[in-house]
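**Q** Below is the structure, and that's it, no one-letter string:
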């Protein structure tokens, strides 16, 4: 499979989905795989503007955050990642609830 140098390539998304499928729920790297897939979907949204990609990325980052409780070494990063995505969605759609959640997440980070 040829990997395009662009971060939003279809092949990269397929590989991240396959990596996620190979790790059972509860695997120590499950949250990392979810995070990586969310990043790729976010990159594709930035390039193509497909709302579904952004919504999926947000849903995945919510899952990541749920797997990283208070005290987890990567919780702050997860809070920021989710806040960034919600901020993008607010800028794209203008939903005040997204902005409110963004502010709360940045405060928690």
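**A** Done, it's in. For clarity, every value in this text was computed on a predicted model and none was experimentally measured.

**Q** measure the nearest residue to residue 67 once chain neighbours are set aside to residue 38 for me?
**A** Nearest residue to residue 67, sequence neighbours excluded (CB to CB, 6 or more residues apart in numbering): residue 31, at 4.2 Å. The way it works is simple: take the backbone N, C-alpha and C, and place the C-beta from them, glycine included. Distance, residue 31 to residue 38, by CB to CB, to the nearest Å: 10 Å.

**Q** Quick check on the two: which one has the bigger neighbour count.
**A** Shown here are residue 31 and residue 38; by other CB atoms under 10 Å, residue 38 has more neighbours (25 against 20).

**Q** per-residue pLDDT, the residue nearest to the spatial centre of the chain?
**A** Centroid-nearest residue in the chain, with CA atoms, centre = their mean: residue 38, separated by 3.1 Å. At residue 38, the model reports a pLDDT of 95.
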